[in-house]
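Colleague: Structural data only, the sequence is not supplied:
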Ligand code: 5AD
Ligand code: SF4
């Protein structure tokens with residue numbers, strides 16, 4: 001490795017030029033965790049494309065492997081270290097064949113563990129955090145020059161924004177795409193690592209978001225999901241000449257995005273209840289393109305636990321917001337995250353969570369056992385609960401949430417829903433897409449029609465509802481829809 005690096009450094013610019021013009025290099029990125037990481041991985045591939053890197057499906061034989069990691073829940077770093085162990089074998093295999101494999105660790109584990117990764121896994125060449133991947137070309141060059149074989153570390157929170165330094169997105173993933181609009185978090189929930197790994201809240205200027213969305217629309221994208229760790233805290237600089245107070249909230253941004261021709265659907269994730277402002281709630285009622293599905297994590301239904309979590313809202317505050325949202329958009333399908341077994345959670349606290357779930361009626365939800373994250377306030381609480389209690393509560397909660405999800409899917413049977421067909425399914429004659437309510441829909445079509453239908457919005461008659469998906473066929477007239485608005489009776493309160 002060191003010899004290869006010295007050779008590259010010796011050959012200098014001539015070698016770099018040759019790489020960018022001719023040699024294609026294989027890049028494998030493994031993405032863990034949230035959609036933000038999926039977006040970041042795509043941007044990393046864009047940044048590396050001018051150096052000749054092209055994405056491949058396997059780490060074996062790759063010239064560069066990036067693990068884009070997530071630190072939010074259990075044993076994240078241990079998973080990364082065991083993956084690095086497996087990759088070391090591939091790296092040795094490459095070296096034995098006279099080649100080289102650059103190994104990089106990115107994302108939140110990289111941010112949190114930094115130097116420790118280089119110490120424990122000397123096969124790693126580069127460690128970089130979520131805020132510095134626009135510097136990847138420089139990091140790759142530095143790794144190539146590092147004659148001592150020591151890895152390169154870059155986990156700053158730079159003053160410049162990576163968004164100002166990223167190339168325009170190169171690959172269009174399909175009819176549905178993500179656009180990152182906000183990053184970081186200032187909320188400091190007592191269980192969460194995000195404010196430490198992703199840093200302070202930052203919103204991209206509205207003009208940059210609109211420009212990215214227009215480019216995606218021109219490339220055929222019909223559905224955009226706006227991403228941010230705390231996306232509804234968005235307060236981006238208003239475009240030049242726009243009326244307002246110098247910044248736009250998310251509701252205003254959504255209205256502007258809805259004016260872009262070709263964009264048929266808008267979504268956003270993940271939101272905090274405290275940031276559901278009037279303008280955003282109104283947008284749910286007034287912007288047809290804003291899909292009737294919202295992931296709005298509540299975490300717990302107990303006021304005592306919500307306070308200990310530093311959530312800064314009560315169960316009643318949350319229910320009030322849900323009521324206002326449903327008044328604006330009666331068929332809104334809701335989703336949430338829950339944590340069970342937070343330090344000090346009693347049976348009565350847990351019962352309050354079940355009560356809230358019953359009061360809301362979720363279409364879908366994610367639930368987790370509390371796991372102490374090093375460096376967060378809740379991790380040092382004395383009253384940690386046993387694994388057995390956490391497991392029992394999780395099972396109880398998941399049973400209720402599962403029943404609600406199934407009930408939500410079941411009432412869709414017999415309805416016609418507009419489905420954006422994203423890709424062929426696993427079975428022949430099957431396409432997979434999403435309903436307005438974010439349900440995954442398996443659509444049966446004649447095999448010959450598949451290439452023509454990928455990327456289209458079609459009306460689908462729903463024939464079956466399962467715990468995690470729906471199944472159906474295009475309606476006889478099959479009219480594609482551009483501005484779906486589904487019947488309000490799809491709302492469920494199980
Ligand atoms: N333990 C368990 N779940 C957690 N989450 C975040 N931190 C923790 C933790 N320490 C969950 C929250 C959050 C989701 C992304 O992950 O529910 O909303
Ligand atoms: Fe973490 Fe979300 Fe709380 Fe921010 S708002 S600290 S990202 S759980």
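Modeller: Arrived safely. Please read all numbers here as calculations on a predicted model, not as lab measurements. Ligands and ions are numbered 1, 2, ... in the order given.
Colleague: rest of the way, CA atoms for contacts and neighbours
Modeller: Fine.
Colleague: Now do the helix or strand hosting residue 431, average pLDDT.
Modeller: Assigned by DSSP states H and E, residue 431 falls within strand 430-434. The average pLDDT for strand 430-434 rounds to 97.
Colleague: Each with direction, which strands does that strand pair with?
Modeller: Neighbouring strands of strand 430-434 in its sheet, by DSSP bridges, are strand 416-424 (antiparallel), strand 440-444 (antiparallel).
Colleague: Mind listing residues that contact the next helix or strand after the last one?
Modeller: Beyond strand 440-444 on the C-terminal side, the first helix or strand identified by DSSP H and E is helix 450-453. Residues outside helix 450-453 that contact it (Cα atoms under 8 Å, 6 or more residues apart in numbering) are 421, 424, 429-431.
Colleague: Same question for stretch 220-228.
Modeller: So stretch 220-228 is contacted by 35-36, 172, 174-184, 213, 262-270 (Cα under 8 Å, 6+ apart).
Colleague: Sort out which of those residues are in helices and list them.
Modeller: Applying DSSP state H to the contacts of stretch 220-228, the entries found in helices are 35-36, 213.
Colleague: So, low pLDDT: which residues of this protein?
Modeller: Residues of the chain meeting the criterion pLDDT under 70: 1-23, 147-148, 170-173, 243-245, 478-494.
Colleague: Next to ligand 1 in this structure, residues from it, please.
Modeller: Those residues of the chain that sit near ligand 1, judged by Cα under 6 Å from any ligand atom, are 72-73, 191-192, 297, 299, 337-339, 368-373.
Colleague: how does it look with 8 Å?
Modeller: Proximity of the chain to ligand 1, by Cα under 8 Å from any ligand atom, involves residues 34, 72-74, 191-193, 297-299, 336-340, 342, 366-373, 379.
Colleague: Quick check: strands, which of those are part of them?
Modeller: Counted as lying in strands by DSSP state E, out of the residues of the chain next to ligand 1, are 336-340, 366-369.
Colleague: Derive a PyMOL selection command for the buried subset of those residues.
Modeller: Buried residues among these (16 or more other Cα atoms under 10 Å), as a PyMOL selection:
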select buried, resi 336+337+338+339+340+367+368+369
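Colleague: Farthest-apart pair in the ones in strands among the residues of the chain next to ligand 1, please.
Modeller: Largest separation among these by Cα to Cα: 336 and 369, giving 14.4 Å.
Colleague: Buried ones in whichever strand or helix holds residue 138, by neighbour count?
Modeller: With elements taken from DSSP H and E, the one containing residue 138 is helix 136-145. Residues of helix 136-145 classed as buried by neighbour count (16+ other Cα under 10 Å): 136-137, 139-145.
Colleague: nearest to ligand 1, of the residues you listed?
Modeller: Ranked by distance to ligand 1 (Cα to the nearest ligand atom), the buried residues of helix 136-145 are led by residue 136 at 26.7 Å.
Colleague: hang on, isn't the closest one packed against residue 48?
Modeller: Yes - applying Cα atoms under 8 Å, one finds residue 136 in contact with residue 48, separated by 7.1 Å.
Colleague: for the residue of the stretch 1-150 of the chain found nearest ligand 2, what are its contacts?
Modeller: Closest to ligand 2 within the stretch 1-150 of the chain is residue 72: 8.5 Å, counting by Cα to the nearest ligand atom. Counting by Cα under 8 Å, 6+ apart, residue 72 touches 33, 192-194, 373.
Colleague: for residue 167, same thing?
Modeller: Residues counted as contacts of residue 167 (Cα under 8 Å, 6+ apart) are 46-47.
Colleague: my guess is residue 472 meets residue 442, correct?
Modeller: Yes - contact status for residue 472 versus residue 442: in contact at 6.4 Å, counting by Cα under 8 Å.
Colleague: The two - which one has more neighbours?
Modeller: Just comparing residue 472 and residue 442: by other Cα atoms under 10 Å the higher neighbour count belongs to residue 442, 26 against 23.
Colleague: which residues does that one bridge with?
Modeller: Applying DSSP bridges, one finds that residue 442 bridges with residue 432, residue 471.
Colleague: what's the answer for residue 127, then?
Modeller: Applying DSSP bridges to residue 127 gives these bridge partners: residue 105, residue 153.
Colleague: Quickly note the distance from it to ligand 1.
Modeller: Per Cα to the nearest ligand atom, to the nearest Å, residue 127 is found 23 Å from ligand 1.
Colleague: That residue: how many residues sit nearby?
Modeller: Residues lying near residue 127 (other Cα under 10 Å) number 26.
Colleague: Return the list of helices and strands in contact with the biggest helix by length in the chain.
Modeller: Secondary structure assigned by DSSP H gives helix 387-410 as the longest helix of the chain. Applying 3 or more Cα pairs under 8 Å, 6 or more residues apart in numbering; DSSP states H and E, one finds that helix 387-410 contacts strand 333-340, helix 347-360, strand 364-369, strand 457-465.
Colleague: Redo these as TSV? Include distance to residue 223.
Modeller: Output for these, formatted as TSV (distance: least, Cα to Cα, whole Å):
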stretch	distance to residue 223
strand 333-340	18
helix 347-360	27
strand 364-369	20
strand 457-465	10
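Colleague: Out of the ones you listed, which is closest to residue 318?
Modeller: Nearest to residue 318, of all the helices and strands packed on helix 387-410, is helix 347-360, at 9.3 Å by Cα to Cα.
Colleague: any idea of the angle the closest one forms with strand 364-369?
Modeller: Between helix 347-360 and strand 364-369, the angle comes out at 170 degrees (axes from the mean of the first three to the mean of the last three Cα atoms, to 10 degrees).
Colleague: Can you give me the end-to-end span of stretch 331-346?
Modeller: In terms of Cα to Cα, to the nearest Å, the two terminal residues of stretch 331-346 are separated by 34 Å.
Colleague: what residues does the stretch 101-250 of the chain put near ligand 2?
Modeller: 184-195, 229-230.
Colleague: What about those, which are in helices?
Modeller: Short answer: those in helices (DSSP H) are 194-195.
Colleague: Can you flag the buried ones in the residues of the stretch 101-250 of the chain next to ligand 2?
Modeller: Buried among these by 16+ other Cα under 10 Å: 184-185, 187-195, 229-230.
Colleague: now those residues as JSON lines including distance to residue 355?
Modeller: Converted to JSON lines, these look like this (distance: Cα to Cα, whole Å):
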{"residue": "184", "distance to residue 355": "31"}
{"residue": "185", "distance to residue 355": "29"}
{"residue": "187", "distance to residue 355": "25"}
{"residue": "188", "distance to residue 355": "26"}
{"residue": "189", "distance to residue 355": "22"}
{"residue": "190", "distance to residue 355": "23"}
{"residue": "191", "distance to residue 355": "22"}
{"residue": "192", "distance to residue 355": "24"}
{"residue": "193", "distance to residue 355": "28"}
{"residue": "194", "distance to residue 355": "28"}
{"residue": "195", "distance to residue 355": "30"}
{"residue": "229", "distance to residue 355": "27"}
{"residue": "230", "distance to residue 355": "26"}
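Colleague: Of these, which is the nearest to residue 79?
Modeller: For these, the minimum distance to residue 79 (Cα to Cα) is 16.9 Å, reached by residue 193.
Colleague: surely the closest one meets residue 372?
Modeller: No - if you go by Cα under 8 Å, residue 193 and residue 372 don't touch, sitting 9.9 Å apart.
Colleague: In CSV: the helices and strands packed on helix 387-410, plus distance to ligand 2.
Modeller: Output for these, formatted as CSV (distance: least, Cα to the nearest ligand atom, whole Å):
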stretch, distance to ligand 2
strand 333-340, 9
helix 347-360, 17
strand 364-369, 12
strand 457-465, 31
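Colleague: count of neighbours near residue 468?
Modeller: The number of residues packed near residue 468 is 14, by other Cα under 10 Å.
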